[in-house]
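**Q** With the input below, show me the fold.
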Amino acid sequence: MSILYDLNHTLGFDLSLDATGDLQAVSHLERSQQRILRRLLSNPGDYLFHLDYGAGLPKQVGERLEINKTQAFIQHQLSQEASIAPQPAPEVKVTPIREGVSVQLHYWEAQTKQPITLSFDVNH
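**A** Below is the predicted model:
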(Lines give C-alpha, C1' and ligand atoms only; values in the text may rest on other atoms or scores of the structure.)
Protein backbone atom coordinates (compact mmCIF):
# COMPACT_ATOMS: atom_id res chain seq x y z
CA MET A 1 0.00 0.00 0.00
CA SER A 2 1.29 3.46 -0.85
CA ILE A 3 1.71 6.09 1.80
CA LEU A 4 -0.32 9.26 1.34
CA TYR A 5 2.22 11.39 -0.48
CA ASP A 6 2.65 8.67 -3.12
CA LEU A 7 -1.03 8.67 -4.05
CA ASN A 8 -2.27 10.17 -7.29
CA HIS A 9 -4.23 13.23 -6.20
CA THR A 10 -4.73 16.10 -8.60
CA LEU A 11 -5.94 19.23 -6.82
CA GLY A 12 -9.71 19.58 -7.13
CA PHE A 13 -10.33 15.91 -7.91
CA ASP A 14 -10.80 12.70 -5.95
CA LEU A 15 -8.03 10.18 -5.42
CA SER A 16 -7.52 8.04 -8.52
CA LEU A 17 -7.95 4.28 -8.75
CA ASP A 18 -5.86 1.90 -10.82
CA ALA A 19 -7.20 -0.91 -13.03
CA THR A 20 -7.53 -3.26 -10.02
CA GLY A 21 -9.50 -0.75 -7.93
CA ASP A 22 -6.60 0.08 -5.62
CA LEU A 23 -5.55 3.65 -4.98
CA GLN A 24 -3.30 4.74 -7.83
CA ALA A 25 0.27 5.75 -7.01
CA VAL A 26 2.29 8.34 -8.91
CA SER A 27 5.88 8.52 -10.04
CA HIS A 28 8.34 10.87 -8.40
CA LEU A 29 7.98 13.47 -11.19
CA GLU A 30 4.17 13.37 -11.20
CA ARG A 31 4.10 13.72 -7.41
CA SER A 32 6.41 16.72 -7.69
CA GLN A 33 4.15 18.43 -10.22
CA GLN A 34 1.05 17.70 -8.14
CA ARG A 35 2.73 19.25 -5.07
CA ILE A 36 3.71 22.37 -7.03
CA LEU A 37 0.17 22.87 -8.32
CA ARG A 38 -1.28 22.21 -4.85
CA ARG A 39 1.04 24.83 -3.31
CA LEU A 40 0.34 27.49 -5.94
CA LEU A 41 -3.41 26.94 -6.23
CA SER A 42 -4.24 26.43 -2.53
CA ASN A 43 -5.25 29.41 -0.44
CA PRO A 44 -3.53 30.15 2.87
CA GLY A 45 -5.80 28.77 5.59
CA ASP A 46 -7.18 25.91 3.45
CA TYR A 47 -5.19 23.27 5.38
CA LEU A 48 -6.22 23.17 9.04
CA PHE A 49 -2.82 22.04 10.32
CA HIS A 50 -0.77 24.23 7.94
CA LEU A 51 -2.58 27.57 7.94
CA ASP A 52 0.27 29.41 6.18
CA TYR A 53 0.55 26.85 3.35
CA GLY A 54 -0.47 27.92 -0.14
CA ALA A 55 0.16 30.77 -2.54
CA GLY A 56 -3.48 31.59 -3.22
CA LEU A 57 -3.04 32.35 -6.93
CA PRO A 58 -6.76 31.91 -7.67
CA LYS A 59 -7.59 34.70 -5.21
CA GLN A 60 -5.39 37.07 -7.22
CA VAL A 61 -7.46 36.65 -10.39
CA GLY A 62 -9.40 39.81 -11.03
CA GLU A 63 -6.93 42.02 -9.19
CA ARG A 64 -4.51 44.32 -10.99
CA LEU A 65 -1.83 42.08 -12.50
CA GLU A 66 1.76 43.05 -11.77
CA ILE A 67 3.65 40.44 -13.80
CA ASN A 68 7.09 40.94 -12.18
CA LYS A 69 5.63 40.83 -8.68
CA THR A 70 3.57 37.72 -9.46
CA GLN A 71 6.57 35.94 -11.02
CA ALA A 72 8.73 36.75 -7.96
CA PHE A 73 5.95 35.55 -5.65
CA ILE A 74 5.69 32.24 -7.53
CA GLN A 75 9.49 31.82 -7.45
CA HIS A 76 9.44 32.32 -3.69
CA GLN A 77 6.76 29.64 -3.34
CA LEU A 78 8.75 27.26 -5.57
CA SER A 79 11.83 27.73 -3.36
CA GLN A 80 9.85 25.98 -0.59
CA GLU A 81 9.41 22.79 -2.61
CA ALA A 82 12.07 20.17 -1.92
CA SER A 83 11.58 18.58 -5.35
CA ILE A 84 12.83 21.71 -7.14
CA ALA A 85 16.58 22.20 -7.44
CA PRO A 86 17.62 25.66 -6.18
CA GLN A 87 20.23 26.00 -8.94
CA PRO A 88 19.65 26.89 -11.62
CA ALA A 89 16.77 28.96 -10.28
CA PRO A 90 13.33 28.11 -11.67
CA GLU A 91 12.13 30.26 -14.54
CA VAL A 92 8.60 31.62 -14.20
CA LYS A 93 6.60 33.22 -17.01
CA VAL A 94 3.23 34.79 -16.29
CA THR A 95 1.04 35.90 -19.19
CA PRO A 96 -2.37 37.58 -18.93
CA ILE A 97 -5.28 35.66 -20.45
CA ARG A 98 -9.00 36.37 -20.51
CA GLU A 99 -10.19 36.38 -16.88
CA GLY A 100 -6.88 35.13 -15.48
CA VAL A 101 -3.26 34.31 -16.09
CA SER A 102 -1.28 31.59 -17.81
CA VAL A 103 1.74 30.33 -15.89
CA GLN A 104 4.70 28.48 -17.36
CA LEU A 105 7.37 27.04 -15.07
CA HIS A 106 10.72 25.68 -16.15
CA TYR A 107 12.77 24.08 -13.38
CA TRP A 108 15.20 21.28 -12.61
CA GLU A 109 13.89 18.40 -10.56
CA ALA A 110 16.12 18.08 -7.47
CA GLN A 111 16.51 14.29 -7.31
CA THR A 112 16.81 13.38 -10.99
CA LYS A 113 18.32 16.70 -12.23
CA GLN A 114 15.82 16.44 -15.10
CA PRO A 115 14.53 19.70 -16.66
CA ILE A 116 10.76 20.03 -16.29
CA THR A 117 8.26 22.37 -17.89
CA LEU A 118 4.88 22.76 -16.24
CA SER A 119 2.15 25.02 -17.65
CA PHE A 120 -1.28 25.84 -16.29
CA ASP A 121 -3.94 28.54 -16.34
CA VAL A 122 -5.51 30.24 -13.35
CA ASN A 123 -8.90 31.80 -14.06
CA HIS A 124 -12.46 32.11 -12.80
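**Q** show me where this structure has strands.
**A** 91-97, 100-108, 115-123 (DSSP state E).
**Q** With mean pLDDT as extra columns, can I get those in CSV?
**A** Shown next, in CSV, are those (pLDDT from 0 to 100):
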stretch, mean pLDDT
strand 91-97, 96
strand 100-108, 96
strand 115-123, 94
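**Q** how close does the residue lying farthest from the centre of the chain sit to residue 109?
**A** Farthest-out residue of the chain from its mean C-alpha position, per Cα atoms, centre = their mean: residue 20, at 28.4 Å. The gap separating residue 20 from residue 109 is 29 Å, by Cβ to Cβ, to the nearest Å. Bear in mind the C-beta positions are built from the backbone N, C-alpha and C, glycine included.
**Q** for residue 55, same thing?
**A** Distance from residue 55 to residue 109, by Cβ to Cβ: 20 Å.
**Q** which one of these two has more residues nearby?
**A** Neighbour totals were compared for residue 55 and residue 109, and residue 55 leads with 23 against 16 (other Cβ atoms under 10 Å).
**Q** is it true that residue 122 touches residue 37?
**A** No: applying Cβ atoms under 8 Å, one finds residue 122 not in contact with residue 37, separated by 10.1 Å.
**Q** what helices or strands is the one helix or strand in the chain whose mean pLDDT sits lowest leaning on?
**A** Least confident helix or strand of the chain, by mean pLDDT, DSSP states H and E, is helix 28-41 with a mean of 85. Counting by 3 or more Cβ pairs under 8 Å, 6 or more residues apart in numbering; DSSP states H and E, the packing neighbours recorded for helix 28-41 are helix 57-60, helix 67-78, strand 115-123.
**Q** can you rerun that using 10 Å?
**A** helix 57-60, helix 67-78, strand 100-108, strand 115-123 (3 or more Cβ pairs under 10 Å, 6 or more residues apart in numbering; DSSP states H and E).
**Q** Mind listing what's buried along that helix?
**A** 31, 32, 33, 34, 35, 36, 37, 38, 39, 40, 41 (16 or more other Cβ atoms under 10 Å).
**Q** cool, stretch 76-92 as well?
**A** By neighbour count on 16+ other Cβ under 10 Å, the buried set for stretch 76-92 is 77, 78, 81, 83, 84, 85, 90, 92.
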